[in-house]
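Undergrad: prediction below, plus the sequence it came from.
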Amino acid sequence: MRSRARAPWQFAALTSIIALVLVGCGTQTSQSASASASASADSSTSGEVVELEWFIGLGTGQNEEQVAAEEAVVDEFNATHPNIHVTVTIVDNTEAADTLATRIAANDAPDILGPVGIRGLQQFGDQLLDLTPYLGEADLSEIEPSLIEAFNVDGKQIGLPTGVYSSFIIYNKSLFDEADLPYPPHEVGEQYQGQDWTWDVLRDLAMELTVDANGNAATDAAFDADNTEQFGFDAIMVENDVRAWSTEFGGSGSAIADDGTSAQWPDNWREGLAFWYDAVWTDGFIPSKPEVDGITGSTTDSNTFQFGRSAMALVHQWYTCCVYPGTGTPAVSDWDLAVLPTGPDGGVTSKLHADTIGIMDTTEHPAEAFEAMTYFSSNADLVQTWGALPAIGSQRDAFFAARDEQFAPLEIDWTVSTKMLEFPDVPSHEGPMPNFAEADAANKSFGNKLWTTPGLDLSTEIDAHVQTLQSLFEEAG
């Protein structure tokens, strides 16, 4: 853990006690937005320096080069805001959630936290300040409204997007060339070989690109599914997240009904899971978990595309961390991006990952915290350091120029990434659920079962999973 200009704290609370205290966190005393703003204005105009703490660790931000950039920006902010002084506390990602929960339980919460993704917010989302009263002070004109909406939970704006990661298709151009197949579309609405670009068309294409050890495609009668050398498609690094799988193919949805208490798996999500499950166990163009482990030689590395064994994959913008020409077995020497297909509902859904910086609702200085938060979240150097596509449109050219330099001499069509930002999943596949940690773990357990077990009655399995979620939701009270 790193802390600047603040003495470290020590806590020895038992986990069980913490859990009991956290149950009551929703009843902690917090000021109304108007009263807090008034109090903050009084302290700001009195000439006193407002002290704020920025907590980093729930998402990215702990690497040495990131720390240096973060500290430099904080120093710059403090130098230009004489009535506000920010200290930054940086905690390792593996410890940050527990550390923050402990501090909240001890009534020692920081003022600002982030960057953190949509999923990472769920444990603390109900303890974040509603930013709605302060939005008029921020210039949001260069941020797509749909990206702002991604951080609006039940009418409460718990954050503003800093970095965004649309999802799209990455494809291995060499494997397409070997199969003498045209590349997939780069424009929404563009056809593929005279057909609308739908998931059914992608399925047919992926099966042509799925090849066994004898060179037979999955469309051939002689295809040996037990000895697949090359897969036509994969969903990289979603691990066993069934909400993500359902959204990829079925479109936006939620495991929680509109009443906020009932578990569900909507019909479009059921259709999405069926597409994915059949792709793994019937059609064979997506690798199962055992096949992924065999390709990568690891139970934790699911990057089949980097190993040159997937012709196409669904990835997010952050995947540029993990694909490099000239490495892998065999090497991925040439690749590009394509748009996602149209789903069963007739629309395109690009499931979105996004980072934000939020404010704890216990802060004594919400107006000043908002001023600091928007300064940090809009800082181009910081967003670049975090490896995120900036939510602010005018900062994106510089971001992609840096990616061009990184992957030269390849010429990547980065416009695909920004085009996919127009089709985010709302509500988010990483959105809130009652008893979130337990429900999220149950989703992953269910996903692991589907990813490792052929021959399941999927409809029955989904029904049973909904009942599991319902029990967990009810435990939340």
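TA: Perfect, I can see it now.

Undergrad: now the strand or helix carrying residue 468: buried residues?
TA: Element membership for residue 468 (DSSP states H and E) is helix 458-475. Residues of helix 458-475 classed as buried by neighbour count (16 or more other CB atoms under 10 Å): 461, 462, 465, 466, 468, 469, 470, 472, 473. No exception for glycine: its C-beta is placed from N, CA and C like everyone else's.

Undergrad: which other helices and strands contact that helix?
TA: In terms of contacts (3 or more CB pairs under 8 Å, 6 or more residues apart in numbering; DSSP states H and E), helix 458-475 is packed against helix 267-278, helix 436-452.

Undergrad: go through those and pick out the most buried.
TA: Each of those was scored by mean neighbour count; the highest is helix 267-278, a mean of 20, by mean count of other CB atoms under 10 Å.

Undergrad: so what does that one touch, helix or strand wise?
TA: helix 242-250, helix 436-452, helix 458-475.

Undergrad: can I get those helices in TSV with mean pLDDT?
TA: Shown next, in TSV, are those (pLDDT from 0 to 100):
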stretch	mean pLDDT
helix 242-250	92
helix 436-452	93
helix 458-475	97
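
Undergrad: between these, which one is nearest to residue 351?
TA: helix 242-250 (4.7 Å; CB to CB).

Undergrad: how far is that closest one from where the chain is centred?
TA: Distance of helix 242-250 from its chain centroid, counting by CA atoms, centre = their mean, to the nearest Å, is 13 Å.

Undergrad: cool, stretch 222-235 as well?
TA: 28 Å.

Undergrad: pLDDT at the residue positioned nearest the centre of the chain, what is it?
TA: Relative to the mean C-alpha position of the chain, the nearest C-alpha, by CA atoms, centre = their mean, is the one of residue 353, at 2.9 Å. pLDDT recorded at residue 353 is 88.

Undergrad: next up, the contacts around it.
TA: 117, 118, 164, 165, 167, 316, 317, 318, 430 (CB atoms under 8 Å, 6 or more residues apart in numbering).

Undergrad: the helices and strands packed on helix 458-475 into JSON lines, with extra columns for distance to residue 257?
TA: Formatted as JSON lines, the helices and strands packed on helix 458-475 follow (distance: least, CB to CB, whole Å):
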{"stretch": "helix 267-278", "distance to residue 257": "12"}
{"stretch": "helix 436-452", "distance to residue 257": "13"}
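
Undergrad: mind checking which of those is nearest residue 51?
TA: Nearest of the helices and strands packed on helix 458-475 to residue 51, taken as CB to CB: helix 436-452 at 31.2 Å.

Undergrad: what about the nearest residue to residue 322 once chain neighbours are set aside, distance to residue 130?
TA: Once flanking residues are discounted, residue 322 sits nearest to residue 303: 5.7 Å by CB to CB, 6 or more residues apart in numbering. For residue 303, the distance to residue 130 (CB to CB, to the nearest Å) stands at 39 Å.

Undergrad: can you list the low-confidence ranges for this protein?
TA: In the predicted model, the chain carries pLDDT under 70 at residues 1-46, 238-239.

Undergrad: and it, what are its domains?
TA: 2-164+353-391, 167-351+413-475 (automatic domain parsing).

Undergrad: run a quick neighbour tally on residue 51.
TA: 15 (other CB atoms under 10 Å).

Undergrad: same check, this time on the one 4 residues further on
TA: Counted with other CB under 10 Å, the burial measure for residue 55 works out to 24 neighbours.

Undergrad: columns distance to residue 398 on top of the domains of the chain, output as TSV?
TA: Formatted as TSV, these follow (distance: least, CB to CB, whole Å):
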stretch	distance to residue 398
domain 2-164+353-391	7
domain 167-351+413-475	12
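
Undergrad: closest to residue 402 out of these?
TA: Closest among the domains of the chain, once you apply CB to CB, is domain 2-164+353-391, at 6.7 Å.

Undergrad: can you map out the helices along the stretch 251-400 of the chain?
TA: Secondary structure of the stretch 251-400 of the chain, counting by DSSP state H, counting those that start in this stretch: helices at 267-278, 289-296, 366-377, 380-385, 396-407.

Undergrad: between these, which one is closest to residue 327.
TA: Between the helices of the stretch 251-400 of the chain, helix 396-407 lies closest to residue 327; by CB to CB that is 12.3 Å.

Undergrad: so which bits of that closest one are buried?
TA: 396, 399, 403, 407.

Undergrad: quick check: the second one vs residue 59, distance?
TA: As judged by CB to CB, residue 399 and residue 59 stand 18 Å apart.

Undergrad: do residue 337 as well
TA: In terms of CB to CB, residue 337 sits 24 Å off from residue 59.

Undergrad: in terms of neighbours, single out the busier of these two.
TA: A direct count of neighbours by other CB under 10 Å for residue 337 and residue 59 places residue 59 higher, at 23 against 20.
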